[in-house]
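Q: sequence plus the predicted model coming up.
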Amino acid sequence: MLRQGDKLRRIIDLGFEIAQIKDIDLLLEKILNEARAFTNCDAGSIYVREGDALKFSYAQNDTLQRQLPPGRRLPYSTFSIPISKDSIAGYVASKGAILNIPDAYQLDTRFPFSFNRSYDELTGYRTRSMLTIPLKNFRGEIIGVLQLINAMDDKGNVTAFVHDDEELIIYFSNNAAIAIERAKMTREMILRMNKMAELRDPKETGPHVNRVAAYSVAIYEAWAANKGLSQAEIDKNRDVLRMAAMLHDVGKVAISDAILKKPGHFTADEYQIMKLHTLYGANLFADIYSDFDESAAVVALTHHERWDGGGYPGQIDTRTQQPLPGYEKEDGKAQGKRGEEIPLFGRIVALADVYDALSCRRCYKEAWSECQVLENIRSESGKQFDPELVKVFMDCIDSFRQIERLYPDQAEQA
């Protein structure tokens, strides 16, 4: 067990670590992971404030996770609850104070709320101790709630949360709240850039880019685990990959409406113009100030390349739009990048983008069945897609189904 001084140093270090994460989804995962590790608890969840409600945004449960096959993630559904005294999380958000409950099934009758046992009854889990902490920004505003469940002793038995840790976890939660606000602002800026593209191309919706980004991270994590990469490297790379993947088609803002919104097939000349969205997107991030800029440029430029070299834009100067020396084909066009000439992030997003495009309904086509989509992906292994990534992709299908539920298209939400 850590001494109190060691715990304080760990909390300070965690504040620095979470401040480095820019993507909101990955940040929530990190916050919950670290809060659970610090308090040695079995499960937890995070609610993020949206107006007068709390949105259930992320959950973890080690006991239920161990019941799943390796590689599968614990499924959960998002929902919202009002900020009121009727629920534990709503009560903490409305009061702005931490709440330490030894047993959720034996609540003090003076409390105005009750514990909702429906999840326990559905899963067979037994919630006992709960530590629920308000997430306050530097202005003292509640931006969410962190809920930790079932503290464990050294022998793995459920116990109450230690009161002596409350001040430290409040300090951590305040740092987490500030990081969440920054990450929400970053996500909103990215979505606004995509909304510009969506105004031009209705296919570029918020749910679409969120799904492509989440699929890309799932593929990368599985690939990185197979390669034995360190968790620190995985965390850093998936953060920039997720944000970059959301902007894979942002270059379409520079394509004429006459082409972008054409209902029928493109002519050969129109198709050549359409291909330029990769160059336009890359040029938006041509001035490299961060890992994100570099990754966003790579993804925008290369997500239409093919493993067999038949993709676009190929070996080309993004500014002049001319083939690089030595890579000009007989017809004057640039040779396509092939194999590992295509950066890893571009190969991953290419796979994630096609999967989502085939799986979803579009104005020009119906959604394909999952079997049809997977058969298409298999048939393109070694042709359109990196065969190693296709193998990894097939192991991620359960995660993809969960992602589809988290980011449904608006028509499905109605």
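A: Ah, there it is. Numbers count the residues shown, from 1 in each chain.
Q: gap between the closest residue to residue 397 other than its chain neighbours and residue 354?
A: Spatial nearest neighbour of residue 397, excluding adjacent residues (C-beta to C-beta, 6 or more residues apart in numbering): residue 374 at 7.3 Å. Quick note: C-beta positions are derived from backbone N, CA and C, even for glycine. Residue 374 is 12 Å from residue 354, where distance means C-beta to C-beta, to the nearest Å.
Q: between the two, which contacts overlap?
A: Contact with both residue 374 and residue 354 is made by no residue, according to C-beta atoms under 8 Å, 6 or more residues apart in numbering.
Q: show me what the helix or strand harbouring residue 169 is packed against.
A: Secondary-structure assignment from DSSP states H and E places residue 169 in helix 166-200. When contacts are defined as 3 or more C-beta pairs under 8 Å, 6 or more residues apart in numbering; DSSP states H and E, helix 166-200 sits against helix 4-19, helix 24-39, strand 130-136, strand 142-152, helix 206-227, helix 231-246.
Q: got those as JSON lines, with mean neighbour count, distance to residue 383 and mean pLDDT columns?
A: Below are these laid out as JSON lines (neighbours: other C-beta atoms under 10 Å; distance: least, C-beta to C-beta, whole Å; pLDDT from 0 to 100):
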{"stretch": "helix 4-19", "mean neighbour count": "14", "distance to residue 383": "41", "mean pLDDT": "77"}
{"stretch": "helix 24-39", "mean neighbour count": "20", "distance to residue 383": "32", "mean pLDDT": "93"}
{"stretch": "strand 130-136", "mean neighbour count": "24", "distance to residue 383": "48", "mean pLDDT": "97"}
{"stretch": "strand 142-152", "mean neighbour count": "24", "distance to residue 383": "45", "mean pLDDT": "97"}
{"stretch": "helix 206-227", "mean neighbour count": "22", "distance to residue 383": "18", "mean pLDDT": "93"}
{"stretch": "helix 231-246", "mean neighbour count": "20", "distance to residue 383": "22", "mean pLDDT": "92"}
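Q: now the ones you listed in JSON lines, with distance to residue 305?
A: As requested, the helices and strands packed on helix 166-200 are exported to JSON lines (distance: least, C-beta to C-beta, whole Å):
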{"stretch": "helix 4-19", "distance to residue 305": "34"}
{"stretch": "helix 24-39", "distance to residue 305": "26"}
{"stretch": "strand 130-136", "distance to residue 305": "42"}
{"stretch": "strand 142-152", "distance to residue 305": "40"}
{"stretch": "helix 206-227", "distance to residue 305": "15"}
{"stretch": "helix 231-246", "distance to residue 305": "15"}
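Q: what bridges to residue 130?
A: Beta bridges link residue 130 to residue 101, residue 149, judged by DSSP bridges.
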